[in-house]
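# Structure, please.
(2 chains)
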2 protein chains.
Amino acid sequence: MLVLGVDPGLTRCGIGVVEGTPGRARLIEAGVIRTDSALETERRLLVIEEGLQEWILRHKPEVVAIERVFAQHNLMTVIGTAQAAGVAMLVAARHGLSVYQHTPSEVKAAITGSGRADKKQVGNMVCRILGLEAAPKPADAADAVALAICHSWRGVADQRLAQAAKVGTVRKVGR
Amino acid sequence: MLVLGVDPGLTRCGIGVVEGTPGRARLIEAGVIRTDSALETERRLLVIEEGLQEWILRHKPEVVAIERVFAQHNLMTVIGTAQAAGVAMLVAARHGLSVYQHTPSEVKAAITGSGRADKKQVGNMVCRILGLEAAPKPADAADAVALAICHSWRGVADQRLAQAAKVGTVRKVGR
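As a prediction, this is how the structure comes out:
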């Protein structure tokens, strides 16, 4: 499954493209979309929209996985982060792609086996999984890669659950 | 000045188009863009994008005024509200329109003279200003109209301040 992961942010929006099947993953490309903090927010959102569109057209992912933003996140940046995430969701939907959101602890658990793993541990496991000597840089790109791996490993099970929930055999338990 | 006001929200995004000069205002049109809560968030954002685009093309406003979203707002809805606001900002920027944000207390102060006025008082003043017998409905449309009036009355002064801040004669005082 070709997954484009997005670690949303106004200043640096991390992107990671991964081809993965449960237990395996291959890094295709990682990077960030940067926007100038001197620009008005609406111009920054336009830069993110254009950048994401370019990544989607270039890699043609099957799904887009985005880090879920919580209101309890850093109060100084949460609004900008939510807006960047909203733009990412919009661009994905416009290209007919499904969007999945995962929380940071879901990502940590998928990669390391523990939802409380620290950044370094996640970074080490990402390197081992992808066969890299060093984690992608900057950190936002590495986070997006981890998210894409998480989705490619969890995605199939999650989709089955969602399907089952739709036909009424499983009830969603507030995730 | 022809202003399109937006009271952002995922379920109901209020829109109000007002032609105003300081002390006067005329209502052009008010309404809401509704999205189905059963849809995925990314589809709802697409509906808001398309709706807003249609309003902008139909009315050709000079500026778009959006209610500023704060992280301290209702925790259950703040992320969706921020995402809807982000999409509104994006659509405005794509049409080359300037975006201004006003806080609810700035709107109340502009309309009633007090930043602590209650909803009813704001509604009464909006009716009086626009010569209406009843406030636009639903409440989200009325809020968007109040925001557009606020901007058409404050906008000129705000723009002069922003200009002055850019050339260095005035320092922004955390607004």
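# for residue A:99, helix, strand, or coil?
strand (DSSP: H, G, I helix; E, B strand; the rest coil).
# For it, give me its contacts.
A:63-66, A:89, A:92-93, B:40-42 (CB atoms under 8 Å, 6 or more residues apart in numbering or on different chains). Placement of C-beta: from N, CA and C, glycine included.
# For residue A:81, see how far away residue A:150 is.
18 Å (CB to CB, to the nearest Å).
# Same drill for these two, tell me which one is more crowded.
More crowded of residue A:150 and residue A:81, by other CB atoms under 10 Å in any protein chain shown: residue A:150, with 27 against 24.
# How about that one: what's its closest non-neighbour residue?
residue A:110 (3.9 Å; CB to CB, 6 or more residues apart in numbering or on different chains).
# OK, contacts around that neighbour?
Residue A:110 neighbours (CB under 8 Å, 6+ apart): A:102, A:149-150, A:153-154.
# pLDDT-wise, which helix or strand of chain A ranks last?
Sorting the helices and strands of chain A by mean pLDDT, DSSP states H and E puts helix A:139-166 at the bottom, at a mean of 80.
# follow-up on the earlier one: among the contacts of residue A:99, which one has the most neighbours?
Ranked by neighbours (other CB under 10 Å), these are led by residue A:65, which has 29 neighbours.
# Would you map the helices across chain A?
Using DSSP state H, the helices of chain A run over A:41-59, A:78-94, A:104-112, A:119-130, A:139-166.
# What parts of chain A come near chain B?
A:40-43, A:45-46, A:49, A:69-72, A:75-76, A:78-79, A:82-87, A:89-90, A:92-94, A:99 (CB under 8 Å from any CB of the partner chain).
# For chain A, give me the ranges with low pLDDT.
For chain A, the stretches with pLDDT under 70 are A:155-175.
# What sits closest to residue A:115 if chain neighbours are left out?
Using CB to CB, 6+ apart, the closest residue to residue A:115 is residue A:105 (3.6 Å).
# Any figure for the gap between residue A:28 and chain B?
Noted for residue A:28: a distance of 23 Å to chain B, by CB to the nearest CB, to the nearest Å.
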